[in-house]
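[1] could you look at this predicted model? Sequence included:
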Amino acid sequence: MNIENSILKIATFNLFNYLEPPFACYEFDRIFSAEQWQKKNNWIRAYLDEFKPDVIGFQEVFSPDALQALVKEAGYEYFSVVDECTVVDDFICSSPVVAIASRYPITDVNAVELDGSLSNDMGLTDSFSFSRKILRATIDLPHIGECDCYVVHFKSKRALFEHAEDKHLSGEENIIESLKASVAGRWGSTIQRGSEATLLMIEMIKRKQETDKPMLLMGDFNNSLTDGVLSQLITDDLRFVSKPDKEAFLEKYCLQDVWKLFENSDNFTDQKRQPTHYFGTTNSVLDHILVSCEFDPKYNKSVFSVSNYETYDRHLINPIFERDGESTDHGIVLVTLQLRA
């Protein structure tokens with residue numbers, strides 16, 4: 001017997017400067033032509049029509065009204081943002097935001113607030129904040145009920161600050177100052193990104209304790225999960241408690257990388273995890289979806305399990321200009337969740 005809505009598809013989608021003309025992206029002359037804008041929207045719509053995710057976390061959104069109209073035409077009745085981009089001189093835009101679209105009702109939406117006292121304990125200043133507001137949407141999903149879905153775009157690896165050339169210094173001195181600023185600026189970005197992930201995880205644990213709702217975290221993390229900067233999001237350690245308590249509390253409150261769950265599923269066939277971003281000769285997985293125990297079949301109360309994991313990257317590894325010229329510089333991660341019997 002077929003059970004209605006037994007499949008859920010969740011996607012994270014960096015749109016790469018989704019900005020409606022005549023607005024400019026960062027600089028006065030970076031404006032889509034009408035043809036380019038239409039081409040970009042057609043590309044996004046083609047992906048949605050082909051893969052049909054049920055919930056999508058978007059990053060790099062400058063024009064949320066235009067995006068909402070696009071996804072509504074594609075069948076997404078529910079859409080939310082919690083912030084807006086910065087506009088200078090009436091048309092130059094910076095600081096894009098995240099958004100979420102869903103085929104199922106969004107019952108609540110908020111920007112995540114951080115715990116100031118804990119951030120101070122971590123050595124951060126009173127003025128520390130998320131580089132981009134983090135969106136939490138509670139979505140009434142079939143079979144599992146209300147689920148807290150978080151969309152993030154953590155701080156990039158771009159240096160937090162740079163050295164401005166000083167005409168009073170020699171060429172060599174300016175180079176040395178640039179080198180020092182580069183080293184410190186990159187580490188500053190790492191501190192920001194890691195701190196954002198840590199403070200978000202704390203808020204997710206608090207929320208789980210208060211509501212006991214399942215959790216999904218999706219977005220452009222601007223980092224792998226394995227180099228230590230973001231490892232607290234998938235922590236598997238809890239000291240100074242008994243082994244039974246450790247296992248029970250880690251299971252309930254911590255998150256799992258859906259790729260790891262897919263690797264352990266019956267549908268996995270030794271495929272390699274595909275990068276979601278390419279830079280020069282390097283590549284990395286920057287876009288992730290993490291889930292709580294309700295999506296892990298090892299948990300005895302789980303409702304869904306991960307049955308498939310796809311990275312859409314044709315536009316990155318085999319681009320055709322006529323088709324992909326206004327696409328995105330990230331792969332799109334899509335996870336399929338199957339209702340457990």
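    Everything's here; your move.
[2] neighbours of Thr190, how many?
    The number of residues packed near Thr190 is 18, by other CB atoms under 10 Å. Backbone N, C-alpha and C define where each C-beta goes, glycine included.
[3] helix or strand: which one has it?
    In the assignment (DSSP states H and E), Thr190 maps to helix 171-211.
[4] please pull up the helix or strand immediately following that helix.
    strand 215-220.
[5] circling back to that earlier point, for the helix holding Thr190, what is the average pLDDT?
    If you average the pLDDT over helix 171-211, you get 91.
[6] again, but for stretch 10-22
    Stretch 10-22 comes out at a mean pLDDT of 97.
[7] and the residue nearest to Leu255 when sequence neighbours are not counted, which of the three is it?
    Nearest non-adjacent residue to Leu255, counting by CB to CB, 6 or more residues apart in numbering: Leu290, 4.1 Å away. Here Leu290 takes the strand state, with states given by DSSP: H, G, I helix; E, B strand; the rest coil.
[8] if I pick Leu290, what's in contact with it?
    216-218, 233-234, 255-258 (CB atoms under 8 Å, 6 or more residues apart in numbering).
[9] sort those residues by pLDDT and name the bottom one.
    For the contacts of Leu290, the least confident entry is Ile234, with 89.
[10] quick check: the gap between that residue and Gln256.
    Distance of Ile234 to Gln256, computed by CB to CB, to the nearest Å: 7 Å.
[11] ok, back up a step: just the buried members of the contacts of Leu290?
    Buried by 16 or more other CB atoms under 10 Å: 216-218, 233-234, 255-258, out of the contacts of Leu290.
[12] which among the contacts of Leu290 gets closest to Ile202?
    Taking CB to CB as the measure, Ile202 lies nearest Leu233 of the contacts of Leu290, at 11.0 Å.
[13] so the closest one sits in a helix?
    Yes - the assignment for Leu233 is a helix, going by three-state DSSP.
[14] list the residues that contact it.
    197, 200-201, 217, 225, 255, 290.
[15] what stretches of the stretch 201-341 of the chain score poorly on pLDDT?
    Along the stretch 201-341 of the chain, the model assigns pLDDT under 70 to residues 238-241, 243-249.
[16] helices of that one, residue ranges please.
    For the stretch 201-341 of the chain, the helices defined by DSSP state H, counting those that start in this stretch cover 243-253, 258-263, 314-317, 321-324.
[17] save those helices as CSV, and put in distance to Glu35 too.
    Formatted as CSV, those follow (distance: least, CB to CB, whole Å):
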stretch, distance to Glu35
helix 243-253, 49
helix 258-263, 37
helix 314-317, 18
helix 321-324, 12
